[in-house]
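[1] let me see the structure of the following:
(chains A and B)
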Amino acid sequence: MGTLSKKALLGSALAATILAGSAGALMAQNKPVIATVVKISGIPWFDRMETGVKQFQKDNPDVVATQYGPATADAAQQLQIVTDLIAKGVNGLAVVPMDPSVLEGTLKRAMDRGIIVVTHEADNQKNTNADVEAFDNADYGRALNERLAKCMDGKGKWTTFVGSLGSRTHMQWVGAGEENAKKYAGMQLVDANNESFDDANGTYEKAKEILRKHPDIKGFQTSAGNDVLGVGRAIDEAGLSGKVCLVGTGLPNPSQDLLESGAITAIGFWDPQKAGMAMNSVAKSLIAGKKIEDGANLGVPGYEKVKVIKGPGEGVLIIGNGMVIADKANYKEYLF
Amino acid sequence: MRNTGGQLVMLIVINVAVLAVGAAISGGSFLAPFNLQSMAGQLPEIGFLAIGVMLAMCAGNGGIDLSGIALANLSGVVAAVVVGKFLSSTDPSSAYSLAFIAGALLVGLIGGTFNGLLISRLNITPILCTLGTQMLFTGLAVVASDGRAVAVGSPDLLSEIGNGLFLGVPISFLIFIGVAALVAALLKFTPFGLWLMLMGTNPKAATYAGFPRTGVLIATYATSGLLSGLAGIIIAARNVNVKWDYGTSYLLIAILIAVMAGVRPEGGYGRVVCVVLAAIALQLMSSMLNFGGLSNFVRDFAWGALLLTFLAVGRYNVVGFLIPDKSTKLV
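    The predicted model follows:
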């Protein structure tokens, strides 16, 4: 057994050297370190965010900005990364919480240690210095509807889809849309608030039903990410591309074909790249001891004049105007 | 029992090696007291689950406990919901904390006993039984909490368990080491431990020898459930909130730790000290990779490689095979 342990020691020393060689690249520097922690790494949305973090690093050589994320979609895994980063001694954490409630305890420990915490997509997070949201939900719903009204020439039957009736943001979006449509006397809302459960197939079936029930329908406003795909397919198959308008939340890459065929009029989203840059920008300012005032410019497109209100905890809620409404003409600028 | 000492030595060597590498790549800050405390604080929740898996594996007959993390979440959720109805977490007295702890342990015990009853009385294969109860426990936790996170808050006693230090060591870690020692003593010095291991080695012989098979199985899974309840308490104490879908990745990591610790998947052998060391090794490695800024996919890869290495070491004399050594030939 003595020899066994010696050999084992030799082997692990060898393995250790290899590991050290590959991991030794990132060393402590005297610049402020801002770590961005996303919900999960390796998916298009957060790969796109990482391009923003890298861009921020390039524009700001006086900080160290990197992105981390768990390999599996589990709040516990994200929690461990945050805990380790706190121990490592970063100056700022920019977190997109998988589950805000799970992170509360750990983020509090981070703030107790003087680490600046910035969150995104978590307007209910209590333990944060600042939560950055891409846009005001009512503004977004209004903008989607305005685009729809433009396509419909302000008249005709239209309907709305939400992920589920319990989804707060979706209801806010269509609510603001309905409010906006009242400006146009000719627009008539029928069978509102269809639930899609973010399932493209289910939405497709439901959209077909609606097209049969209302052959003269002119517009759809949808909310969940896959809704445009389902409704778009139904419109496309009915040969109504370009005749029925469809505006909703969606991502450029999957929507490409339907945007080209004209089945989708326009998609709305926010760009995770810009959100990543905005979070880092806020973290950098707060680390430097500055305050983000109402109307401040974060130096990121869509966040030039942010609205700052009190958050649910001690921190502030920073709301940008980072919505993007893309159509056939310009979606190629945002392929992700 | 072959190579049992080797496993222990290998685990110690790995722990030391990872600590050394971590210190090297972080310029020493990996060994800073705060990071050691932080890592020790992260360990207990997964450690408890891994010991539970080990106990189930030792019972043999394909014994495994897949319901661990689900039961831990259920314990936390039910205790938080029920106790929250009668007491407030902002009360100065520790009544809330004590009631929460008792509640979580009780739920864990009931869940574990339920597993044990199904496996011993109805003779359901453990992997299928605990897969079923895992879904059952998760479902119950969703219903009890309406699918939302339940706030536990930070009452003094619980907050102390989750964040407190005793002589510089996290209290949650001390609890973990204490409970692990207790389980180790249970296995080593009581008839239960002997029955469990012998039954795992040869269930048929155990039956003919008149071992109380049902009782041992129920006690094994009940202990595993109790450990889940403890994990639930630690999770609640650290995170302030409990939620039904927390830690879904723990299920496989707990099994990984048990196998790395040399617990025989066929049953009959396992050492608590090895499980503790394996859990520490995994924690050190994952924290080290986070320190080095490496992708978490590298971590999964490293764990997989480590697991295969350990399986090989447990099964064959790999070291001796690679470097033949005359002095060990007769072993």
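
[2] hey, where'd the strands end up in the stretch 151-300 of chain B?
    According to DSSP state E, counting those that start in this stretch, the stretch 151-300 of chain B carries its strands in the segments B:165-166, B:169-170, B:241-242.

[3] of all those strands, which lies closest to chain A?
    Nearest of the strands of the stretch 151-300 of chain B to chain A, taken as Cβ to the nearest Cβ: strand B:241-242 at 4.0 Å. C-beta: built from backbone N, CA, C; applies to glycine.

[4] show residues contacting that closest one.
    Here strand B:241-242 makes contact (Cβ atoms under 8 Å, 6 or more residues apart in numbering or on different chains) with A:101-102, A:104-105, B:73, B:76-77, B:80, B:145, B:149-152, B:232, B:235-236.

[5] out of those, which is most surrounded?
    In terms of neighbour count, residue B:76 stands highest of those at 34 neighbours, by other Cβ atoms under 10 Å in any protein chain shown.

[6] which ones are touching that residue?
    Counting by Cβ under 8 Å, 6+ apart, residue B:76 touches B:104, B:150, B:152, B:232-233, B:235-236, B:242.

[7] thinking again about what came up before, got the strands of the stretch 151-300 of chain B as TSV, with distance to residue A:79 columns?
    Shown next, in TSV, are those (distance: least, Cβ to Cβ, whole Å):
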stretch	distance to residue A:79
strand B:165-166	20
strand B:169-170	16
strand B:241-242	11
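
[8] the helix or strand hosting residue A:318 pairs with which strands?
    Using DSSP states H and E, residue A:318 maps to strand A:316-319. Based on DSSP bridges, the pairing partners of strand A:316-319 within the sheet are strand A:130-133 (parallel), strand A:307-310 (antiparallel).

[9] which one of the ones you listed lies nearest to residue A:283?
    Closest to residue A:283 of the strands paired with strand A:316-319, according to Cβ to Cβ: strand A:130-133, at 8.2 Å.

[10] need the helices for the stretch 151-300 of chain B, in chain order.
    Ranges of helices in the stretch 151-300 of chain B, per DSSP state H, counting those that start in this stretch, are B:156-163, B:171-189, B:191-201, B:203-208, B:213-239, B:250-260, B:272-291, B:296-315.

[11] need the phi and psi values for residue A:244.
    According to degrees, to the nearest 10, the main-chain angles of residue A:244 amount to phi -110, psi 130.

[12] bridged to it, which residues?
    So, taking DSSP bridges as the rule, residue A:244 has residue A:241 as bridge partners.

[13] is it in contact with residue A:217, as I believe?
    Yes - taking contacts as Cβ atoms under 8 Å, residue A:244 lies within contact range of residue A:217: 6.5 Å.

[14] these two - which one has more neighbours?
    Ranked by neighbour count (other Cβ under 10 Å), residue A:244 and residue A:217 place residue A:244 first, with 27 against 22.

[15] which residues touch the more buried one?
    By Cβ under 8 Å, 6+ apart, the residues touching residue A:244 are A:211, A:217-220, A:235, A:238.

[16] so which of the residues you listed belong to strands?
    Among the contacts of residue A:244, the residues falling in strands (DSSP state E) are A:217-220.

[17] now the closest residue to chain B within the stretch 101-250 of chain A. Nearest residue, chain neighbours left out?
    Per Cβ to the nearest Cβ, residue A:101 is where the stretch 101-250 of chain A lies closest to chain B, at 3.4 Å. Spatial nearest neighbour of residue A:101, chain neighbours left out: residue B:149 (3.4 Å); criterion: Cβ to Cβ, 6 or more residues apart in numbering or on different chains.

[18] got it, and residue B:266?
    residue B:60 (6.6 Å).

[19] give me the pLDDT for that neighbour.
    Looking at residue B:60, its pLDDT is 81.

[20] in three-state terms, label it for me.
    Secondary structure for residue B:60, judged by DSSP: H, G, I helix; E, B strand; the rest coil, is coil.

[21] and the gap between it and residue B:48?
    22 Å (Cβ to Cβ, to the nearest Å).

[22] pretty sure residue B:71 contacts residue B:226?
    No - using Cβ under 8 Å, residue B:71 is not in contact with residue B:226, being 9.7 Å away.

[23] how close does residue A:203 get to residue A:304?
    35 Å.
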